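S.K.: Return atomic coordinates for the entry below.
(chains A, B and C)
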Amino acid sequence: MDADTARERILAAVRAIPRGRVAGYGEVARRAGLPGRARLVARILSSNDDPALPWHRVLRSDGRIAMPAGSAGWREQGRRLRAEGVEVSAGRVRMPAQAPDEGLDALLWGPGPGA
DNA sequence: GCGGTGACTGACA
DNA sequence: CTGTCAGCCACCG
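M.R.: Below you'll find the predicted structure:
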């Protein structure tokens, strides 16, 4: 597929993250049908201009905010996440692994529109 | 074409 | 826990 299609899919995957939930760059890439393209996801978000895109729900694989700690974007992301009820401490989000009752996939994406 | 860079990641020490 | 390393890939000078 071409670069434009890839971007569309990635943006769609990001938009699919439910409010109050988070997903990793690699996870988003995988959901977009582009496994291993975490860096592409990061690049897309960094150049994104859509104010409606929930970019703040995308985190690094270790649960930490990807931007430089203390930067404006870093603070903004933490603020938006907490505003949605996501627990954030020291720039880190509580990962789904701490809630073993449900599958990781279900926790990340929930029932979603397809269920 | 080439090397540097980055909102990345998993493996290892 | 922190650091280093090799992959990764689009973009830029």
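
S.K.: what residues does chain A put near DNA strand B?
M.R.: Proximity of chain A to DNA strand B, by C-beta under 7 Å from any atom of the strand, involves residues A:24-26, A:38-39, A:41-43, A:45-46, A:48, A:55-56, A:58, A:60-62, A:66-68, A:73, A:77. Glycine gets a C-beta too; all of them are placed from N, C-alpha and C.

S.K.: hmm, try it at 6 Å
M.R.: A:24-26, A:38-39, A:42-43, A:45-46, A:55, A:58, A:60-61, A:66-67, A:73 (C-beta under 6 Å from any atom of the strand).

S.K.: Tell me where chain A has helices.
M.R.: Here chain A has its helices, by DSSP state H, at A:3-15, A:25-31, A:38-46, A:72-83, A:104-109.

S.K.: List buried residues within the residues of chain A next to DNA strand B.
M.R.: Buried by 16 or more other C-beta atoms under 10 Å: A:Gly24, A:Tyr25, A:Gly26, A:Ala38, A:Ala42, A:Leu45, A:Trp55, A:Val58, A:Arg60, A:Ala66, A:Met67, out of the residues of chain A next to DNA strand B.

S.K.: Which residue, neighbours along the chain excluded, lies closest to the second one?
M.R.: Once flanking residues are discounted, A:Tyr25 sits nearest to A:Ala38: 3.9 Å by C-beta to C-beta, 6 or more residues apart in numbering.

S.K.: wait, doesn't that neighbour sit right on A:Ala29?
M.R.: Yes - the pair A:Ala38 / A:Ala29 is scored as a contact, 5.3 Å apart, by C-beta atoms under 8 Å.
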